[in-house]
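> Sequence and predicted structure are below.
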Number of protein chains: 2
Amino acid sequence: MLSLTEENYLKAIFHLEQTQEKGVATNAIAEKMNTKASSVTDMMHKLSEKKLVVYKKYQGVKLTAEGTLKATIIVRKHRLWECFLVDKLSFSWDEVHDIAEQLEHIKSEALVDKLDQFLGFPTTDPHGDPIPDKDGKIHARKKVELAALKENQKSVLLSVNDSSDAFLRYLDKKEIAIGSLVKVMAIEPFDNSMLVKIDSNEHLITEEVARNLLVKEIANK
Amino acid sequence: MLSLTEENYLKAIFHLEQTQEKGVATNAIAEKMNTKASSVTDMMHKLSEKKLVVYKKYQGVKLTAEGTLKATIIVRKHRLWECFLVDKLSFSWDEVHDIAEQLEHIKSEALVDKLDQFLGFPTTDPHGDPIPDKDGKIHARKKVELAALKENQKSVLLSVNDSSDAFLRYLDKKEIAIGSLVKVMAIEPFDNSMLVKIDSNEHLITEEVARNLLVKEIANK
DNA sequence: ATATATTTTTAGATATGTCTAAAAATATAT
DNA sequence: ATATATTTTTAGACATATCTAAAAATATAT
């Protein structure tokens, strides 16, 4: 049985591994977990004992197959609960993260199964991220940062890299939502800011914002 | 902010106070919490510091008004989640206790409010126990143990004193459920066992069982 | 290639919640 | 009322998860 803390470490490592094929650095974990590097080292010893990570001094860590599965199941629970909060309890998508952070640790396989069924077996959460299946398989869609698109390219907004409250509120204010149609109208070479048409409104967005929006390109019909 | 452990102690004391108007004994709490008396003493010091209990050495503890409110809100959350699990996720009433024990600690007032609304503002949980309102007020119905009834008295089953898995399964097997119509057909003076008619079936039940069933008496029309 | 900076680990301390064993207070029985 | 039993508290130890400060290893820069 994993403690809440252990589960949170596994999830942090899982997310960090997405953009890092070498071992995940102690410091990176410490930053994500809002703790100190020394605490991370302690926990890596513990998770290594439990065969959930492969850890070599100074070389960073990787999740084992079992560690990956455990982490994926937590992500699955997090995203299912987010669906529940938004679809059933009518929270808005920028309010649900902190609550789902708590709910993801509830231990009951039956609960997750029944929740999944109750929600109609959703495949993505309200932020557009894929929901792993029972076996930990993730059916990901090919996503690309909006910042990588050329002028005139059309796309659909799938998810966001930054899911901080501040960023989500920024999007809400501009009425930018998952599923929005996004077309690149012009790119300013000086600072890589973009003029984009999102659904029917035009917005000028900074490169930083464009790098935090993940889209699926669609044909320019 | 209360820790999970502190919340569980408050809840335990709250439940023990229902059948105890003097201070709740250290040993009683220890037994309920499955821990040692010395641990209870330690925690009572802590909760007393926080003004959630009134504690005098060797005299047992009582919840303060604030402690009672905190405990009541936990009970409210527990019972709302039980409703959710049974009504929405179609768990049976004997499966939900352990899961609700976890869910009751999720911290978000907005979540509780929205859940309450989603469930249609239920007034009792699947075991027939009243759900406290937002302010901690409990609109309790007058309940009595089935064992206290006379022959020929009719009643409705409202809740149970023993909510162990074993007892709930016993009830399920005999098709005894919250809301069942219960009529005392005969009482055996030797051992106080009872012949009762529950809905359309007759059962012979021991005094122990009769003391664990809480009913509301109804007119003998 | 050596000095400097950064990252990571180790060692030891702290806080929470737990325990055992012994001491103190209270309750019970004759 | 005194002895005995029970309950409760105290004192000190232990495990988990954390921290700070110093040491060790690795990375970077000239």
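Now that the structure is in, tell me what you want to look at. Because the structure is a prediction, the values reported are computed rather than measured. Numbers count the residues shown, from 1 in each chain, chains lettered A, B, ... in the order given.
> now check stretch A:87-102, is it near chain B?
Yes - part of stretch A:87-102 sits close enough to chain B to count as contact by Cβ under 8 Å from any Cβ of the partner chain, namely A:88, A:89, A:90, A:91, A:95, A:98, A:99, A:102. Any C-beta I mention is one placed from the backbone N, CA and C, and that applies to glycine too.
> which SSE is residue A:115 in?
helix A:109-118 (DSSP states H and E).
> Run through the neighbouring helices and strands of that helix.
helix A:65-83 (3 or more Cβ pairs under 8 Å, 6 or more residues apart in numbering or on different chains; DSSP states H and E).
> Would you mark the buried spots in the helix it packs on?
A:67-83 (16 or more other Cβ atoms under 10 Å in any protein chain shown).
> hang on, isn't residue A:43 packed against residue A:6?
Yes - here residue A:43 reaches residue A:6: they are 7.3 Å apart, a contact under Cβ atoms under 8 Å.
> more neighbours, these two?
residue A:43 (24 against 16; other Cβ atoms under 10 Å in any protein chain shown).
> For residue A:27, see how far away that one is.
Distance from residue A:43 to residue A:27, counting by Cβ to Cβ, to the nearest Å: 14 Å.
> cool, and residue A:37?
As for residue A:37, its distance to residue A:27 is 6 Å (criterion: Cβ to Cβ).
> Measure how the helix holding residue A:115 sits relative to helix A:65-83, angle-wise.
Counting by axes from the mean of the first three to the mean of the last three Cα atoms, to 10 degrees, helix A:109-118 lies at 50 degrees to helix A:65-83.
> chain center to the least confident helix or strand in chain A by mean pLDDT: distance?
When the helices and strands of chain A are scored by mean pLDDT, DSSP states H and E, strand A:213-218 comes last with a mean of 84. On the basis of Cα atoms, centre = their mean, to the nearest Å, strand A:213-218 sits 15 Å off its chain's mean C-alpha point.
> buried residues in it?
Buried-residue list, strand A:213-218, by 16+ other Cβ under 10 Å: A:213, A:214, A:215, A:217.
> The second one pairs with what?
With beta bridges defined as DSSP bridges, residue A:214 has these partners: residue A:145, residue A:159.
> List the residues that contact it.
A:128, A:143, A:144, A:145, A:146, A:157, A:158, A:159, A:160, A:161 (Cβ atoms under 8 Å, 6 or more residues apart in numbering or on different chains).
> where in chain A is pLDDT low?
A:141, A:218-221 (pLDDT under 70).
> For it, which residues are neighbours of chain B?
A:85, A:88-91, A:95, A:98-99, A:102-103, A:106-108, A:110-111, A:114-115, A:118.
> just the buried members of these?
A:85, A:88-89, A:91, A:95, A:99, A:102-103, A:106, A:108, A:111, A:114-115, A:118.
> which one among these gets closest to DNA strand C?
Closest to DNA strand C out of these is residue A:102 (16.5 Å), distances taken as Cβ to the nearest atom of the strand.
> Phi first, then psi, for that closest one.
Taking degrees, to the nearest 10, you get phi -80, psi -50 for the backbone angles of residue A:102.
> quick one: contacts for it?
Applying Cβ under 8 Å, 6+ apart, the residues near residue A:102 are B:106, B:107, B:108.
> Check the gap between the first one and residue B:86 for me.
In other words, residue B:106. 18 Å.
> before we move on, what about the second one?
Counting by Cβ to Cβ, the gap between residue B:107 and residue B:86 amounts to 23 Å.
> Please report how far residue A:61 lies from residue A:48.
8 Å.
> Could you check which of these two has the larger neighbour count?
A count of neighbours by other Cβ under 10 Å puts residue A:61 above the other of residue A:61 and residue A:48, at 25 against 16.
> For beta bridges, what are the partners of the more buried one?
Under the criterion used (DSSP bridges), residue A:61 bridges to residue A:24, residue A:55.
> pretty sure it contacts residue A:23?
Yes - Residue A:61 lies in contact with residue A:23 (Cβ under 8 Å); the separation is 5.5 Å.
> DNA strand D contacts on chain A?
For chain A, the residues in contact with DNA strand D (Cβ under 7 Å from any atom of the strand) are A:3, A:5, A:6, A:35, A:36, A:38, A:39, A:42, A:43, A:46, A:57, A:58.
> Kindly indicate which of those residues lies nearest residue A:175.
Nearest to residue A:175 among these: residue A:35, at 37.0 Å, using Cβ to Cβ.
> how many neighbours does that closest one have?
If you count neighbours by other Cβ under 10 Å, residue A:35 ends up with 17.
> Phi first, then psi, for it.
Torsion angles, degrees, to the nearest 10, at residue A:35: phi -140, psi -170.
> Now for residue A:47, how many residues are close by?
23.
> Spit out the contact partners of it.
Residue A:47 neighbours (Cβ under 8 Å, 6+ apart): A:6, A:9, A:10, A:53, A:55, A:61, A:67.
> any idea how far it lies from chain B?
Note on residue A:47: its distance to chain B, by Cβ to the nearest Cβ, to the nearest Å, is 22 Å.
> would that residue count as being in a strand?
No - with DSSP: H, G, I helix; E, B strand; the rest coil as the criterion, residue A:47 is located in helix rather than a strand.
> how about the nearest residue to residue A:108 once chain neighbours are set aside, what does it touch?
With Cβ to Cβ, 6 or more residues apart in numbering or on different chains as the criterion, residue A:108 has its nearest non-adjacent residue at 5.0 Å, and that residue is residue B:99. Residue B:99 makes contact with A:106, A:108, A:111, B:81, B:85, B:91, according to Cβ under 8 Å, 6+ apart.
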